[in-house]
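Trainee: Sequence unavailable; structure follows:
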């Protein structure tokens, strides 16, 4: 929903004054541009009983701090009930607002975009709040591979290393977890530093609760035209696959995950040089890339144990924008939620 001009706003407010006695059930509400307007936000939650709320990245709330007092007056504590929450742009005022107004224990699903260093403390605080205490599903897409690199200041590194693992460790009821990683082959960007995704993946795996029933890993591999780039990209991801394969192996570390029934692996190749890639990729190279899904065996232990339920290699995404990496709540279709 958007309301970014003077014509839409009065019309929307007039509709809100004629709201029904009981809220209208709404399966999904996406807010863009206007969620930080206290009056509109209050009107929407008066009109609708929302199951899933999506905060869109297009609407960076620059003025929420100024309307905090107004929002506080309109929204009593614990006055909003949601089943699922998708936050595609992280801000401290947003999490503070949600922590205050959401009914304790009501939230079941949570999804968020890339965790940046400055986001971590207030995401951590939100997941510790009463609103999130009964979460069953968490999705973190886009990866947090930039959290642990040696380029960080030494004073900030311990906090950065601690919070992602601590955040998951406190979510003791989580059954469904989806995580996104980005891999950049060093041959593509010589002289530039890209932290290894394993620095993000390992601490998160260690922190997953024993209640886990399904785990979905999305790996984004940057490539350039040419089959050598695809091979190099795939090789950079193999170590991540091996870590997951060992960690959930029911004959090894995976013994603690007695409820685990499903593991998914989704591989996404992408290229910033879209036109160049389309022009230079030969038909044979395209077929060879597509054959990876048929011939590769990236998680052999999990496949042998019957836990690898889905392995998919998607088509190349050319010139991706932020929306290609956006999260959504993870509810496996073949498992009870």
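Mentor: All right, it came through fine. Just so we're clear, the structure is a prediction, and the values are computed from it rather than from any experiment.

Trainee: Please list all residues in contact with residue 106.
Mentor: Residues in contact with residue 106 (CB atoms under 8 Å, 6 or more residues apart in numbering) are 81, 82, 83, 131, 134. In this view, the C-beta of every residue, glycine as well, is placed from N, C-alpha and C.

Trainee: Pull the number of nearby residues for the first one.
Mentor: Burial measure for residue 81: 15 neighbouring residues, criterion other CB atoms under 10 Å.

Trainee: For it, give its distance to residue 248.
Mentor: Per CB to CB, to the nearest Å, residue 81 is found 34 Å from residue 248.

Trainee: of all the contacts of residue 106, which comes closest to residue 313?
Mentor: Using CB to CB, residue 83 comes nearest to residue 313 of the contacts of residue 106, at 32.2 Å.

Trainee: which non-adjacent residue is nearest the closest one?
Mentor: residue 51 (4.8 Å; CB to CB, 6 or more residues apart in numbering).

Trainee: If I look at that neighbour, what pLDDT would I see?
Mentor: We have a pLDDT of 93 for residue 51.

Trainee: host element of it?
Mentor: Assigned by DSSP states H and E, residue 51 belongs to strand 48-55.

Trainee: Show me which residues of that strand are buried.
Mentor: 48, 50, 51, 52, 53, 54, 55 (16 or more other CB atoms under 10 Å).

Trainee: elements contacting it?
Mentor: Strand 48-55 is packed against strand 24-31, strand 84-87, with contacts defined by 3 or more CB pairs under 8 Å, 6 or more residues apart in numbering; DSSP states H and E.

Trainee: average pLDDT across the longest helix along the chain?
Mentor: In the chain, with assignment by DSSP state H, the single longest helix is helix 227-247. Throughout helix 227-247, pLDDT has a mean value of 85.

Trainee: Downstream of it, the next helix or strand is which one?
Mentor: Downstream of helix 227-247, the first helix or strand assigned by DSSP H and E is strand 262-271.

Trainee: the inter-axis angle of the longest helix of the chain versus strand 262-271?
Mentor: 160 degrees (axes from the mean of the first three to the mean of the last three CA atoms, to 10 degrees).

Trainee: which other residues reach helix 227-247?
Mentor: Against helix 227-247 from outside (CB under 8 Å, 6+ apart): 181, 183-188, 197-198, 201-202, 205, 215, 217, 219, 221-223, 252-254, 263, 265, 267, 269, 285, 288-289, 292, 296, 298-302.

Trainee: Give me the buried stretch members for it, please.
Mentor: 229-230, 232-234, 236-237, 240-241, 243-247.

Trainee: Which secondary structure state does residue 45 sit in?
Mentor: At residue 45 the chain is in helix, as set by DSSP: H, G, I helix; E, B strand; the rest coil.

Trainee: Return the residues in contact with the residue nearest to it when sequence neighbours are not counted.
Mentor: Once flanking residues are discounted, residue 45 sits nearest to residue 80: 5.7 Å by CB to CB, 6+ apart. Contact partners of residue 80, counting by CB under 8 Å, 6+ apart, are 45, 101, 102, 103.

Trainee: repeat that for 6 Å
Mentor: Contacts here follow CB atoms under 6 Å, 6 or more residues apart in numbering; on that basis residue 80 touches 45, 101, 102.

Trainee: same deal with residue 100?
Mentor: residue 77.

Trainee: Also residue 312?
Mentor: residue 266.

Trainee: Helix, strand, or coil at it?
Mentor: Under three-state DSSP, residue 312 comes out as strand.

Trainee: That one and residue 84: what is the separation?
Mentor: On the measure of CB to CB, residue 312 and residue 84 end up 24 Å apart.

Trainee: how close does residue 231 sit to residue 237?
Mentor: Applying CB to CB, the value for residue 231 to residue 237 is 11 Å.

Trainee: My error: substitute residue 313 in the last question.
Mentor: Distance from residue 313 to residue 237, by CB to CB: 11 Å.

Trainee: related to what we said a few turns ago, most neighbours out of the contacts of residue 106, which is it?
Mentor: residue 131 (24 neighbours).

Trainee: which residue ranges form the strands in this protein?
Mentor: 24-31, 48-55, 84-87, 109-112, 137-140, 176-183, 214-222, 262-271, 308-318 (DSSP state E).

Trainee: thinking again about what came up before, just the residues contacting the strand holding residue 51, thanks.
Mentor: So strand 48-55 is contacted by 23-31, 82-87 (CB under 6 Å, 6+ apart).

Trainee: try 8 Å this time
Mentor: By CB under 8 Å, 6+ apart, strand 48-55 touches 23-31, 35, 44, 81-89, 94, 109, 329.

Trainee: Show the contacting residues for the residue lying closest to residue 126 once chain neighbours are set aside.
Mentor: Excluding the flanking residues, the one nearest residue 126 by CB to CB, 6+ apart is residue 95, at 4.4 Å. Residue 95 sits next to 87, 122, 123, 125, 126 when contact means CB under 8 Å, 6+ apart.

Trainee: Show me the two of those that sit farthest apart.
Mentor: 87 and 125 (13.7 Å).
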